[in-house]
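*Asks:* Structure for this input, please:
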Amino acid sequence: MPTQEPTLYITFDDGPTKGVTDALLDLLKAHQAKATFFCIGKNVQKNPELFQRILNEGHRVGNHTFSHLNGWKSTNMSYLKDVEKCRSLFESSYFRPPYGRLKPAQIASLKKRYKIIMWSALSMDYHPSVSKEKCYQNSTAKISSGDILVFHDSEKAADKMFYAVEKLLTDETFKGYRFLPLP
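*Replies:* Here you go, the predicted structure:
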């Protein structure tokens, strides 16, 4: 994202998740950082109070489909219906495809309603063979202003995500970066 100031856009996929997203919101608040949460519709349905807390605390949200479908493995119609099912729960102009995978026809259709947001750095916090230190390195190896960093507010990624995000917030704030939600 183009920016005139030293700004990083930290994003979280797959939540909201009880026990993870709430602790993450506490961590972000402690560092006066804002983020963008790409939410799965079924998790919004399960955790409406947590979703509302995300909004109440000044973070942004984006559509991440209702059931975390892989665009490459889904028919165009079923994929777009799943996106719309998520959209029926909340409005957002942002969309991020699960797994980063979309077919050209899906892209063409989604671009009419959404800004499709990918990333500059993927932490790999969800991958079993990636250590928490490597997760942090993946996020910061070539960091520069305007970068979009991806983490996951899921139980599977929690330990590595919390380590990397806390270190990121501390180290990069010290270097003069601010953490803002996507504009």
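*Asks:* Could you use CA atoms for every contact and neighbour count after this?
*Replies:* Will do.
*Asks:* Could I get the full set of strands for the protein?
*Replies:* Assigned by DSSP state E, the chain shows strands spanning 7-13, 36-39, 60-63, 94-95, 115-116, 121-122, 148-152, 178-179.
*Asks:* partners of the first one, with directions?
*Replies:* It refers to strand 7-13. strand 36-39 (parallel), strand 148-152 (parallel), strand 178-179 (parallel) (DSSP bridges).
*Asks:* Redo the strands of the chain as CSV? Include distance to residue 101, mean pLDDT and mean neighbour count.
*Replies:* Shown next, in CSV, are the strands of the chain (distance: least, Cα to Cα, whole Å; pLDDT from 0 to 100; neighbours: other Cα atoms under 10 Å):
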stretch, distance to residue 101, mean pLDDT, mean neighbour count
strand 7-13, 14, 97, 24
strand 36-39, 15, 98, 28
strand 60-63, 14, 98, 25
strand 94-95, 12, 98, 22
strand 115-116, 11, 98, 14
strand 121-122, 14, 96, 18
strand 148-152, 15, 98, 24
strand 178-179, 26, 96, 20
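*Asks:* could I get those as TSV with distance to residue 54?
*Replies:* Formatted as TSV, the strands of the chain follow (distance: least, Cα to Cα, whole Å):
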stretch	distance to residue 54
strand 7-13	11
strand 36-39	8
strand 60-63	7
strand 94-95	15
strand 115-116	20
strand 121-122	22
strand 148-152	15
strand 178-179	15
